[in-house]
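**Student:** using only what follows, build the 3D model:
(chains A and B)
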Amino acid sequence: MSTEILESYTQREYEWGFVSDIEEDALPPGLNEEVIKAISKKKEEPEWMCEWRLNAYKKWQELQEPTWHNVHYPKVDFQDIVYYSAPKQKPKLNSLDEADPELVRTFEKLGIPIEEQKALAGVAVDAVFDSVSVATTFKEKLHEVGVIFCPISEAIRDYPELVKKYIGSVVPVTDNFYASLNSAVFTDGTFVYIPKGVRCPMELSTYFRINAAKTGQFERTLIVADEDSYVSYLEGCTAPMRDENQLHAAVVELVAMKGATIKYSTVQNWYPGDKDGKGGIYNFVTKRGKCDDNAKITWTQVETGSAITWKYPSVILKGDNSIGEFYSVALTSGKQQADTGTKMIHIGKNTRSTIVSKGISAINGQNTYRGQVKVNAGADNARNYSQCDSMLMGDRCGAHTFPYIDVKNKSATVEHEASTSKIGEDQIFYFRQRGISAEDAVNMIVSGFCKEVFKELPMEFAVEAQKLLAVSLEGSVG
Amino acid sequence: MLEIKNLHAKIEDKPILKGINLTVKPGEIHAIMGPNGSGKSTLSQVIAGRDSYEVTEGDILFNGESILEMEPEERAWVGLFMAFQYPVEIPGVSNAYFLRTALNAKRKNLGLPELDAMEFMKYIKEKMTSIGLDPSMLSRAVNEGFSGGEKKRNEIFQMAVLEPKIGILDETDSGLDIDALKIVSEGVNMLKNSERSFVLVTHYQRILNYITPDYVHVLMNGKIVKSGGKELALQLEQEGYAPIEKALMATV
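**Tutor:** From the prediction side, this is the model:
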């Protein structure tokens, strides 16, 4: 397809690029022990938590920023980042009416479903605005079945034993540079606990949003699914347009005990920067889950945003017969760069993993799949199936695939398939000759390409994801 | 219906069509034959509006109006259909979804109400029976994993669904075995009527055993050098293109 068409097609303004005008309560930029103590104090944390943070900070100082990834960006000045900022508001809210009206309007603009209609649809929302959670619905209904779904800062105060036991149990504070940083300075995030044998009665969802200028956002999510329980968690985010790069370094830990199932779905649309790549979000995320016997963890992600993405949702298949799945769509357009994939670590016997990765690159986008399948000596009959497909639009973008396979058990079966295709002018012309516009043609081709991943998303999320892809590739067809 | 006047077209800097004149009236079937490289496929693509070709001179009129400035999809909406020589595969997009989108795009632009899924299925069922298409084809991705014959049959099926005013078959017969050729020909014979016209672009005479053209034109080096009735095709089959080529050389 002619580069001209693609360019006009993929160059679009970021729809949600507005900055809301809310007073900030923020610490000065920079990072040291005093800042960490101040964060801990602001969050009214117990002492063990503060010490845990300080320990992480110490470890972080010993670690080096990783450079092995296939993304390029100016060096981040970690002393120029504001590590805490909270919208000023009444300390406790019973309903949305009590929230800052400007805040509510912001949510409305983003289409965040806090309002009644969405509630009726069965989605509980724990909205994170900058660093403080402001609204939680459905809490009571969840409470009836014993499900805990709350901001992690609240969980640290109200359920210290649970948090203490599991935080850092899947992603240790020393895990990597960004995970250590997150452990030291995380300001909020979500905590979920599903009791033994409980099937969580609704999809849980959290919307993230970066707002305060220069505020790095360090989310911390911990989901613990007790034996034979089930939970489906949805995460989606969007951020306003701005001029400086913003660092986002989240940590997500999933604990799936015997027989438990966790589905974690993400639709990510952080600001990707303007057409020259200026001002986009840097997204360095550590996501990992651990499965006991017969447990299952599924990561599904649709990534369209961020200037830089560095993210490998992984599963440690520790228990026998446990299952790990990774379904991903990653779109890079403009000057976006993504280095993303997964790790499946087979430790238990009869463990199974499936990887389906769909990378789409347009304009100057650079998309890297990096995946590791590791089968340890004791993982008898482990099985993995990996499929990595890349789609190119235009002739200046790139797709790169780095699969690492490490098998130490002879009874293991590991399959890897990869393909690269290009949306060609002949394909577009075929649609147009049948009366379908070039824009619709690209959407249909891309949706078709991503079908296997979309079908893993909860229904309404799948629709949203499809829309997001369409918007991400929108523009006038020249 | 279709009037091509002194059409010149080039790709990059290479002139391919060098003054084509052709008039197709409603209900007529025209065969355009020629050796490889004569510009046959270019002619089909230029009529359909492919933008890799540049028209440098002349005009194409459809129902009396120039279509040169129209986008390919606009040409489709007014009733122009091209069956492709190499139909593309579209993984993950079902035939049914593809066709409904195409049909509704056309209906919308003609000011007709769009068909919902139920209405569409009802409409399409008759078409399928008439073309002899297996219903499982509807849920399969467009052309993906289809045999050569299945792809061509799918093209004819799409034509039946979209009900164009004129169908241009760009070497639809190439690479077909005799059974597939019959199926394609039967489809065309069924769709032809006193209003609908066809232009068959072909290298070989054999498809004309099944579809009887009203006119046969010989295309060489970007020009129509000879026109006649169906007997011209038989003559070509027996003698090949060489005698015509020779005669041309002699006149130069």
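**Student:** okay, now the unreliable bits of the chain?
**Tutor:** Just so you know, I chose chain A. When residues are selected by pLDDT under 70, those of chain A lie in A:1-25, A:86-139, A:206-216, A:237-245, A:460, A:471-472, A:474-478.
**Student:** sorry, I should have been clearer: chain B.
**Tutor:** B:251-252.
**Student:** for it, list the residues in contact with chain A, please.
**Tutor:** Counting by C-beta under 8 Å from any C-beta of the partner chain, chain B comes close to chain A at B:48-52, B:71-73, B:75-77, B:81-82, B:84, B:86-88, B:90-93, B:97-99, B:101-103, B:105-106, B:109, B:141, B:158, B:162. C-betas here are computed from N, CA, C, even on glycine.
**Student:** and the gap between B:L99 and B:A160?
**Tutor:** 10 Å (C-beta to C-beta, to the nearest Å).
**Student:** please, where are all the helices along chain A?
**Tutor:** Ranges of helices within chain A are A:3-10, A:33-42, A:47-62, A:101-110, A:116-120, A:139-144, A:152-158, A:160-166, A:177-185, A:425-433, A:438-454, A:459-472, based on DSSP state H.
**Student:** quote the end-to-end distance of stretch B:86-100.
**Tutor:** Distance across stretch B:86-100, first residue to last, is 22 Å (C-alpha to C-alpha, to the nearest Å).
**Student:** what subset of the residues of chain B next to chain A is buried?
**Tutor:** Neighbour counting with 16 or more other C-beta atoms under 10 Å in any protein chain shown marks B:48-50, B:72-73, B:75-77, B:81-82, B:84, B:87-88, B:90-93, B:97-99, B:101-103, B:105-106, B:141, B:158, B:162 as buried within the residues of chain B next to chain A.
**Student:** ok so, going back, out of the residues of chain B next to chain A, which sit inside helices?
**Tutor:** Short answer: those in helices (DSSP H) are B:48, B:72-73, B:75-77, B:97-99, B:101-103, B:105-106, B:109, B:158, B:162.
**Student:** and the residue of chain A closest to chain B?
**Tutor:** In chain A, no residue comes nearer to chain B than A:G448, which is 2.7 Å away by C-beta to the nearest C-beta.
**Student:** follow-up on the earlier one: could you identify which of the helices of chain A is most buried?
**Tutor:** Mean neighbours per residue, mean count of other C-beta atoms under 10 Å in any protein chain shown, is largest over the helices of chain A for helix A:177-185, with a mean of 25.
**Student:** mind checking if stretch A:411-425 is in reach of chain B?
**Tutor:** Yes - contact between stretch A:411-425 and chain B, assessed by C-beta under 8 Å from any C-beta, occurs at A:S421, A:G424, A:E425.
**Student:** for the second one, grab the count of nearby residues.
**Tutor:** Same thing as A:G424. Counted by other C-beta atoms under 10 Å in any protein chain shown, the residues lying close to A:G424 total 14.
**Student:** what does the first one give?
**Tutor:** The local packing of A:S421 (other C-beta under 10 Å) involves 15 other residues.
**Student:** that one contacts A:L392, doesn't it?
**Tutor:** Yes - contact criterion C-beta atoms under 8 Å: A:S421 and A:L392 qualify, at 7.4 Å.
**Student:** so what's the closest residue to chain A within chain B up against?
**Tutor:** Per C-beta to the nearest C-beta, B:G92 is where chain B lies closest to chain A, at 2.7 Å. B:G92 is in contact with A:S447, A:G448, A:F449, A:C450, A:K451, A:E452, B:A141, counting by C-beta atoms under 8 Å, 6 or more residues apart in numbering or on different chains.
**Student:** now it. Nearest residue, chain neighbours left out?
**Tutor:** A:G448 (2.7 Å; C-beta to C-beta, 6 or more residues apart in numbering or on different chains).
**Student:** next: A:D293.
**Tutor:** Using C-beta to C-beta, 6+ apart and skipping residues adjacent in sequence, the residue nearest A:D293 is A:G319, 3.6 Å away.
**Student:** any idea how far the one you found lies from A:V255?
**Tutor:** 12 Å.
**Student:** count the residues that sit near the residue nearest to B:Y241 when sequence neighbours are not counted.
**Tutor:** If the residues on either side of it in the chain are set aside, B:Y241 comes closest to B:P35, at 4.8 Å by C-beta to C-beta, 6+ apart. Residues lying near B:P35 (other C-beta under 10 Å) number 17.
**Student:** for B:P35, phi and psi?
**Tutor:** phi -70, psi 170 (degrees, to the nearest 10).
**Student:** again with the one 4 residues further on
**Tutor:** Dihedral pair for B:G39: phi 110, psi 10, per degrees, to the nearest 10.
**Student:** surely it meets B:P15?
**Tutor:** No - using C-beta under 8 Å, B:G39 makes no contact with B:P15, being 9.4 Å away.
**Student:** any common contacting residues for the two?
**Tutor:** Between them, B:G39 and B:P15 share the contacting residues B:G222, judged by C-beta under 8 Å, 6+ apart.
**Student:** so for the two, which residue has more residues nearby?
**Tutor:** A direct count of neighbours by other C-beta under 10 Å for B:G39 and B:P15 places B:G39 higher, at 22 against 16.
**Student:** check contacts around that one.
**Tutor:** Taking C-beta under 8 Å, 6+ apart as the criterion, B:G39 is in contact with B:I16, B:L17, B:K18, B:L219, B:N221, B:G222.
**Student:** the helices in chain B, which residues?
**Tutor:** Shown for chain B, the helices assigned by DSSP H span residues B:40-48, B:72-77, B:95-109, B:117-131, B:136-139, B:148-162, B:178-191, B:230-239, B:242-251.
**Student:** A:K467 and A:G236, how far apart?
**Tutor:** Counting by C-beta to C-beta, the gap from A:K467 to A:G236 is 12 Å.
**Student:** now swap in B:E144 and tell me
**Tutor:** For B:E144, the distance to A:G236 equals 32 Å [C-beta to C-beta].
**Student:** out of these two, which sits in the busier spot?
**Tutor:** A:G236 (22 against 16).
**Student:** just grab the bridge partners of the more buried one for me.
**Tutor:** In this entry, A:G236 is beta-bridged to A:Y207, A:V267, by DSSP bridges.
**Student:** which residues does the residue most central in space within chain B bridge with?
**Tutor:** The residue lying closest to the centre of chain B (C-alpha atoms, centre = their mean) is B:I168, at 1.8 Å. Beta bridges link B:I168 to B:M82, B:V199, judged by DSSP bridges.
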